[in-house]
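In: Provided below are the primary sequence and the corresponding predicted coordinates.
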Amino acid sequence: MPRMNDALAWPQEGGDARAAPALSPDHPLLRGLNPEQLAAVTLPPRHALVLAGAGSGKTRVLTTRIAWLLATGQVGPGGVLAVTFTNKAAREMLTRLTAMLPLNVRGMWIGTFHGLCHRLLRAHHASAGLPATFQILDTQDQLSAVKRLLKAAGVDEERLASKELQAFINHAKEDGLRPHDLVPRDPHTRLKIELYQRYEEQCQREGVVDFGELMLRSYELLRDHRPLREHYQRRFRHILIDEFQDTNRLQYAWLKLLAGEVEDGRFLPCGNAVMAVGDDDQSIYAFRGARVGNMADFVREFGIEAPIKLEQNYRSVGHVLRAANHLIEHNRQRLGKRLRTERGDGEPLRVVELASDFEEAQWVVEEIRQLLRDGVPAHEIAVLYRSNAQSRALEGALFQAGVPYRVWGGLRFFERAEVKHALAYLRLLDNPRDDTSFLRVVNFPPRGIGARTVEQLQQAAREAGCALADAVTLVGGRGGAALTAFVAQLDVMRERGAGLALADLVRTVLDDSGLLAHYRGERDGAERIENLEELVAAAHAFVQQEGFGRDAPGAAPVADADGETTSPLAAFLTHAALESGDHQAQAGQEAVQLMTVHAAKGLEFDAVFITGLEEGLFPHENSLTAHDGLEEERRLMYVAITRARQRLYLTWAQTRMFHGSTRYHIPSRFLDELPADSLQWLSPPRGRGWGAPQPAWGRSALGQDDVRPAGLAGLPPAAAAAPQAPVSAAGAAIRTGMAVFHPKFGEGQVLAVEGRGADARAHVHFRRHGPKWLALAVARLTPVE
Ligand SMILES: Nc1ncnc2c1ncn2[C@@H]1O[C@H](COP(=O)(O)OP(=O)(O)OP(=O)(O)O)[C@@H](O)[C@H]1O
Ligand SMILES: [Mg+2]
């Protein structure tokens, strides 16, 4: 966008629209807009809703409109309030504006709801009842605060999990409800309301506000201080909101306060202009209280005559767009839109079926390397996934290939708190003198070892000049006894783990440390448990890749090529430490972008990979029972597809390590919902020993009704692999999916068979001993009827 050279004189706040000079449509600011976009950008000051599909230029219209309003002198920089969905989007909008106008946009009110509320509260902290120095609690800090509160109130986790209370408080705030607004229907709710009240007192005393409070407090500030409200109503002549479909009830109420007055239950706009842009097909935050109904309310309450539609997509090539349109037509609850593109068809979407999540990651990385060789810049390549836990396999493969990458939104796998806790236990098994790890988990999960006891221990260890673990007997009283018990617990774990394969050792530690039980007790612990299970999978994959003996005990030393001995556990811990090191690309460095589909909203890339397209994963199994769940998943898939400009790859894996065991998957129904002539099925890059019948337990995550036959019905022939010839062992054919018996490990199920002749081996999940690889030439496996 060319810069404007005109010297601009800004009017005072609330400038007079009638005096605005018109810009010719040839003006550099407006050049290139299509007629509908131009109309939206230059709309006279009144409320408007732009309702349009992905890539149709909604964000561009919003940004250009701000520039146009400023350039025509209709408003000064202080008179615009613009709300974006992420900080990244706010930064991008500011960058674009500075490129368009010779203007210092620093002081402009452009940001996320949270950012803008924060600014409002800083400016009016006294009216909001906050100290000038108030601090923000992030989600983790908030949880610690809630825990402290529960402890002080003598309520243990069994009675009320801290996470449950945290979610209760946050949901109440999202709905604009204070404790006195809530009605206790049962004793448990009464307790939560009481604690919500005490939590508020604690935060107030300590001068801290959580994210929900930022929003609610600034809403109340505007609601309860009429002069202040009127000041901002006069000041912000233009209010613009991106991604309007994902606003929640409180955010909409907040906007209404700035845009008018409610009298006798009726909303009376106050003369400023609100422009909301959104796409109902991209509403993907219902689970966090977003309310697509805000759109209908907006149309009604702000007297919108007809939403502005934009139908030309500028982002994607024909095949990508056709796929998106085709998919979303399977949703019933739609306001209805279509998109067209003038770009050519481009290449069809490439769909790839892979044997496992490991192979999927390998394949994606190979393809990325090819794209890089073809000259696609790394930051123009995005790998998307439905759940954070999926990033681990991808990160591992990228790291190994030396491809710089960046993970957006969400910590990288080995940096996640629950994974760090588990690693701390493993480190203590490997080295009992690792004091950092000791401190990390001495009271996690909580086992009644207080801060004072830990201080005494540190003091005693300092005086005796020994490690913390060695000083526990020096601390007296109940605290000392609890410390001694903790160290004894570690010793037992170490003993129990001595003969186990690494993955089994990790699993034992997760169980025996109480970590799994702890997160199971948390209302929102599911994702953490998924990550912990993923750690078991990581340990398993690590042993395979590093070539430690198939059944080598995790803690026993193995000589490596240089004759140095190192245990699989120690090697794995080194690997984890390295992986969490700084090989992640620094900001600004050319890097492939990894993120969840949720985090990709509003963004675009030349090449996009959508991975893990399996039933139960995407659509996520939880969505199948939730109201509107499947339609929300489909909108999420629509968001994912529409991120791509040129190339789109869709991958799915037949098996995936999930919750510590391998699960068999069938392809996502979304693949069936794409137009066949826009898809190109690639034959898998490597030979596969797959295609065998699906074991019944592999379907457990799905309702039986949702399971389609494993014969891959509806897929083109290339996708259905011919079963490889069964491998013969001890006279009996061992096939994938078969139930087998091993004299030492007992009963199990064959997850995979690979290799031939003397090299043939099977991956078997034993009911008691977990997954193991066995060489078929020597293992005495027999099929069970
Ligand atoms: N008139 C136009 N001419 C050329 N390119 C355009 C035009 N309008 C928009 N674009 C480009 O199309 C792409 C998509 O635009 P934009 O991101 O504004 O779409 P969007 O509707 O906000 O998409 P999403 O729903 O994904 O947020 C951007 O690269 C933008 O610069
Ligand atoms: Mg956008």
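Out: Noted; the coordinates are in hand. Ligands and ions are numbered 1, 2, ... in the order given.
In: which helix or strand in this structure has the lowest average pLDDT?
Out: The helix or strand with the lowest mean pLDDT-type score in the chain, counting by mean pLDDT, DSSP states H and E, is strand 727-729 (a mean of 38).
In: please state the backbone phi and psi of residue 48?
Out: phi -150, psi 150 (degrees, to the nearest 10).
In: what's the closest non-adjacent residue to it?
Out: Counting by Cβ to Cβ, 6 or more residues apart in numbering, residue 275 is the residue found nearest to residue 48 once chain neighbours are left out, at 4.8 Å. The way it works is simple: take the backbone N, C-alpha and C, and place the C-beta from them, glycine included.
In: does the one you found belong to a helix, a strand or coil?
Out: Secondary structure state of residue 275, per DSSP: H, G, I helix; E, B strand; the rest coil, is strand.
In: relative to ligand 2, how far out is it?
Out: Remark: distance between residue 275 and ligand 2 (Cβ to the ion, to the nearest Å) = 13 Å.
In: pLDDT score for that residue?
Out: According to the per-residue confidence, residue 275 scores 97 in pLDDT.
In: now do the residue lying closest to residue 348 once chain neighbours are set aside, the pLDDT please.
Out: Leaving out its chain neighbours, the residue that sits closest to residue 348 by Cβ to Cβ, 6+ apart is residue 680, at 4.2 Å. Predicted confidence (pLDDT) for residue 680: 91.
In: give me the contact status of the lengthiest strand in the chain with ligand 1.
Out: For the chain, the strand reaching the highest residue count under DSSP state E is reported as strand 644-658. No. Among the residues of strand 644-658, none lie within reach of ligand 1 under Cβ under 6 Å from any ligand atom; the closest is 7.8 Å away.
In: off-centre distance for the next helix or strand after that strand?
Out: Following the chain from strand 644-658 toward its C-terminal end, the next helix or strand by DSSP states H and E is strand 661-664. Its chain's average C-alpha position is 22 Å from that of strand 661-664, according to Cα atoms, centre = their mean, to the nearest Å.
In: for ligand 1, see how far away the residue of the chain found nearest ligand 2 is.
Out: Ranking the residues of the chain by distance to ligand 2 (Cβ to the ion) places residue 59 first, at 3.3 Å. Distance, residue 59 to ligand 1, using Cβ to the nearest ligand atom, to the nearest Å: 3 Å.
In: over to that residue: give its phi and psi.
Out: Dihedral angles (degrees, to the nearest 10) for residue 59: phi -70, psi -40.
In: who's in contact with it?
Out: Taking Cβ atoms under 8 Å, 6 or more residues apart in numbering as the contact definition, residue 59 lies against 89, 93, 242, 277, 602.
In: beta partners of the fourth one?
Out: Note on residue 277: beta-bridge partners residue 50, judged by DSSP bridges.
In: confidence score at the closest residue to residue 677 other than its chain neighbours?
Out: On the basis of Cβ to Cβ, 6+ apart, the spatially nearest residue to residue 677 that is not a chain neighbour turns out to be residue 348, at 7.8 Å. pLDDT for residue 348: 95.
In: and for residue 348, the neighbour number?
Out: For residue 348, the number of neighbouring residues by other Cβ atoms under 10 Å comes to 21.
In: wouldn't it be in contact with residue 676 here?
Out: No. The pair formed by residue 348 and residue 676 falls short of the contact definition of Cβ atoms under 8 Å, at 9.9 Å.
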